[in-house]
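**Q** Return a 3D structure for these sequence lines:
(one chain, ligands or ions: 1)
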Amino acid sequence: MTPTSLNVLVTGAAGGMCRGINARLAEAGHTVLCADLNLEAAQAAADQITAADGSAHPFELDVTSDDSVERLLAEVQESVGDIQALVNAAGILDRKYLADHEGGSFERAIDINLNGPFRMIRAFAPQLVEQGWGRIINISSIAGTTGYHYPSYAASKAGLSNLTRSLLVDFWGTGVTVNSVCPGVVDTSMVIQEVRDQVKRKVPTEQIVQPEEIGAMITFLLSEDAKNINGADLVIDGGATQVFSLFDR
Ligand SMILES: NC(=O)c1ccc[n+]([C@@H]2O[C@H](COP(=O)([O-])OP(=O)(O)OC[C@H]3O[C@@H](n4cnc5c(N)ncnc54)[C@H](O)[C@@H]3O)[C@@H](O)[C@H]2O)c1
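**A** Predicted coordinates for the structure are as follows:
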């Protein structure tokens, strides 16, 4: 049976999409553990939730650092206790073509977008398994389902979606489900004006996705009704990837 009020750890919680995710989670009565690179930004995200009568706690986290993840694990345990759900939303979009990558920029994107969620899942999975119930949700992208012109982003998100599926074996029979949410163009600062201008022409709904819609999907995934959604890539893109390529070079 699904616990009704969950401790939900969200990475990248100070980002644009997470504003919508945090708000929906808090409205549903969950406690949001807001983890981000910068503690002040995490605090601001948490403040936004508490100002709307929700429950939230801020934490500092660098998903590229094993030490930082271990520190977070200890801090969360001390201040809140076990989590029941993990939302891996921290990510970067490095707008570089193949020839522009240098100085480890490709590797850094993979480290944040793919290795980061892996580190987080490895650290927090034991407590989910121990409780016999848990939800892991990775924010991937349609760029990981179709390919995309910035290779570090496409490769990291494709890897993240396939990491999601592969973990089903590890969590078999444990009560823990693992899913990816794959947004299209979402109304955040990650999306440049040129892409916004293309939405009417390339998205069948002619709409940019709002962060709260991603939050609503995640909230549903935490519910009892979602217990058999497992290993899915849940695409929220207005139908863009079903009809033609969203992205021009
Ligand atoms: N915005 C979109 O249209 C869109 C579409 C598809 C997928 N996504 C994915 O959704 C997620 C959120 O995107 P967004 O638009 O909110 O981006 P954003 O840039 O607004 O937020 C990303 C957050 O991740 C944090 N972060 C970056 N590196 C980190 C690290 N090493 N450790 C901890 N936190 C770190 C940043 O500080 C930031 O708060 C990302 O994974 C992104 O790839 C976004």
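
**Q** C-alpha from now on. contacts and neighbour counts both.
**A** Noted.

**Q** what lines up beside the longest strand anywhere in the chain in the sheet?
**A** Across the chain, the longest stretch assigned as strand under DSSP state E is strand 176-183. Strand pairing for strand 176-183, determined by DSSP bridges: strand 134-139 (parallel), strand 233-236 (parallel).

**Q** With mean neighbour count, mean pLDDT and distance to residue 167 added, can I get those in CSV?
**A** Formatted as CSV, those follow (neighbours: other Cα atoms under 10 Å; pLDDT from 0 to 100; distance: least, Cα to Cα, whole Å):
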stretch, mean neighbour count, mean pLDDT, distance to residue 167
strand 134-139, 26, 98, 10
strand 233-236, 20, 98, 13
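
**Q** Minimum distance to the ligand: which of the ones you listed has it?
**A** The closest of the strands paired with strand 176-183 to the ligand is strand 134-139. By Cα to the nearest ligand atom, the value is 5.4 Å.

**Q** residues in contact with the closest one?
**A** 84-89, 117, 121, 128, 160-161, 164, 175-183, 218, 221-222 (Cα atoms under 8 Å, 6 or more residues apart in numbering).

**Q** centre of the chain versus that strand, how much separation?
**A** 8 Å (Cα atoms, centre = their mean, to the nearest Å).

**Q** and the next element down the chain from it?
**A** Counting by DSSP states H and E, the next helix or strand C-terminal to strand 134-139 is helix 143-146.

**Q** which residues sit against that following helix?
**A** By Cα under 8 Å, 6+ apart, helix 143-146 touches 153, 154, 155, 156, 157, 158, 159, 160, 161, 184, 241.
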